[in-house]
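*Asks:* return atomic coordinates for the entry below.
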Amino acid sequence: MELILKQDIENLGNKDEIVVVKPGYGRNYLIPQGFATLATASAKKVHAENMKQKAYKEAKLIADAEKLAAKLQTSKIKISAKTSSTGKIFGSVNTIMIAESLEKQGYSIERKNITIKGFDTIKEIGNYSANIKLYKNIKVNIDFEVIPEE
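*Replies:* Coordinates of the predicted model:
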């Protein structure tokens, strides 16, 4: 029995794959639970068209992410923070502040996609590096500087 999976199922397949299973497993478990649909001739045609459209959209997203990565690598980020006379920051610099700094420069990046290399939060003035995930396999490293607030 051929089925089109509606979601990932462990040890069987991923979403939108066409799989062959025993009739009882498909009829009694996968279809009633809403995990799969029958792979009839018309359903296969619709599935093929959906996969084409999905591939086209994904190619566009990848191209946009690569353009953004090229722009981000050339950008300079400076984050100002209140400091003591020894260079220690009152509080800390975290991914939220990096995201806000990028927002001021015109880049809309969610903070959950930003990781600071080697640190959870930054507590001293200096130069640091962060990794930004733009799309599935597209990541960019940016350097930023934490400076004292005037």
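
*Asks:* helix or strand for residue 97, which one?
*Replies:* helix 95-104 (DSSP states H and E).

*Asks:* please pull up the helix or strand immediately following that helix.
*Replies:* Next along the chain from helix 95-104, counting by DSSP H and E, comes strand 114-116.

*Asks:* strand partners (parallel or antiparallel) of that next one?
*Replies:* strand 126-135 (antiparallel) (DSSP bridges).

*Asks:* so what's residue 37 bridging to?
*Replies:* Counting by DSSP bridges, residue 37 is bridged to residue 4.

*Asks:* one step back: any chance you could list what contacts the helix holding residue 97?
*Replies:* 72, 75, 77-79, 81, 108-112, 114-116, 130, 144 (C-beta atoms under 8 Å, 6 or more residues apart in numbering). (Glycine included, C-beta is placed from N, CA and C.)

*Asks:* list the residues that contact residue 94.
*Replies:* By C-beta under 8 Å, 6+ apart, residue 94 lies in contact with 116, 120-122.

*Asks:* likewise for residue 9?
*Replies:* Residues near residue 9 by C-beta under 8 Å, 6+ apart: 30, 35-36.
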